[in-house]
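*Asks:* here's a sequence, model it:
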Amino acid sequence: MVEIAAPGEQPNRLGSDTKVYLGLMGYLVAAKIIITYLVPATFRAPAQAAVFAWPWIAGLTAIGLACTWLSRRVGFPGLLDHRVSTRERYLVPIVLGLGLGAFAILVDATTHWTSIAAAKMGIGSIHIPFPASALIYPGGAIIVDVIYYLVPIPVLMWIVSRVFLKGDSPPWLFWSVGVLAAAIEPMTRDGSFPGHPAILVTLFASDYLENLAQVAVFRRAGFLAPVILRVVFCVVWHVLWGLRG
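*Replies:* Next up is the predicted model:
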């Protein structure tokens, strides 16, 4: 377990965080070029296509770089913090991603909610077809983690810390913000299932569990950990399970 840095402490060189984060953004650029010119993709919602637009990628690059710096100011480890073990940064997120992906498959196999959602949308499947799925979903994992975790959590913690706590960032502040950030995605999901209240409750609970796991590994191991967790989850859930059609 990593010893969380005190606010203002910078255990890693900023250049290390910058290089890793730009590497993540570089993947988005490569995926955008490939799905535009080589492997045309059929997005399942306008929002999916919108976040892969060039202005979005440019904006995420700029604001994400700023928030990697800010996250260290409120006590998060750097992306390659030397105090974080390989187990914490890579193995734990991979195992969690595999487990949560398997759980998502179990939920779908039990409730058949994706079939209900696809029928409502007038499409064959909610999953983007392979091989585009293998490019888009890992990229989407990066985008979602920046929007839901890397930006709001450090920003809100920094504001509360500076305004009310004289620069201190106690654990309760992180968890207060983190449990709220974990609820953003399930609260904004387009989940209308008339006559199926149990599906709504189950989906919210499973989504919230996945997001809370990402929040926790973000705090313990830095931003690279939740990205790895979500990429693995998306590969299991969207790419592999999506091969069923």
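*Asks:* centre-most residue in this structure?
*Replies:* With distances taken as C-alpha atoms, centre = their mean, Asp145 lies nearest the centre of the chain, 2.9 Å away.
*Asks:* pLDDT score assigned to that one?
*Replies:* Note on Asp145: pLDDT of 97.
*Asks:* hang on, it packs against Pro226?
*Replies:* Yes: counting by C-beta atoms under 8 Å, Asp145 sits close enough to Pro226 to count as a contact (5.3 Å). All C-beta spots, glycine's among them, are computed from the backbone N, C-alpha and C.
*Asks:* overlap in contacts of those two?
*Replies:* Gln214 (C-beta atoms under 8 Å, 6 or more residues apart in numbering).
*Asks:* hang on, the earlier thing: which secondary structure element contains the residue nearest to the centre of the chain?
*Replies:* Element membership of Asp145, judged by DSSP states H and E, is helix 132-145.
*Asks:* and the helix or strand following that helix, what's buried?
*Replies:* Counting by DSSP H and E, the next helix or strand C-terminal to helix 132-145 is helix 152-164. By neighbour count on 16 or more other C-beta atoms under 10 Å, the buried set for helix 152-164 is 152-158, 160-161.
*Asks:* next SSE downstream of helix 152-164?
*Replies:* Downstream of helix 152-164, the first helix or strand assigned by DSSP H and E is helix 171-181.
*Asks:* what is the helix or strand just after that following helix packed up against?
*Replies:* Heading C-terminal from helix 171-181, the first helix or strand you meet, by DSSP H and E, is helix 184-188. Counting contacts by 3 or more C-beta pairs under 8 Å, 6 or more residues apart in numbering; DSSP states H and E, helix 184-188 packs against helix 197-221.
*Asks:* elements contacting the helix it packs on?
*Replies:* Using 3+ C-beta pairs under 8 Å, 6+ apart, helix 197-221 sits against helix 92-111, helix 113-121, helix 171-181, helix 184-188, helix 224-234.
*Asks:* how about 10 Å then?
*Replies:* Contact analysis of helix 197-221 by 3 or more C-beta pairs under 10 Å, 6 or more residues apart in numbering; DSSP states H and E lists helix 92-111, helix 113-121, helix 132-145, helix 152-164, helix 171-181, helix 184-188, helix 224-234 as its packing neighbours.
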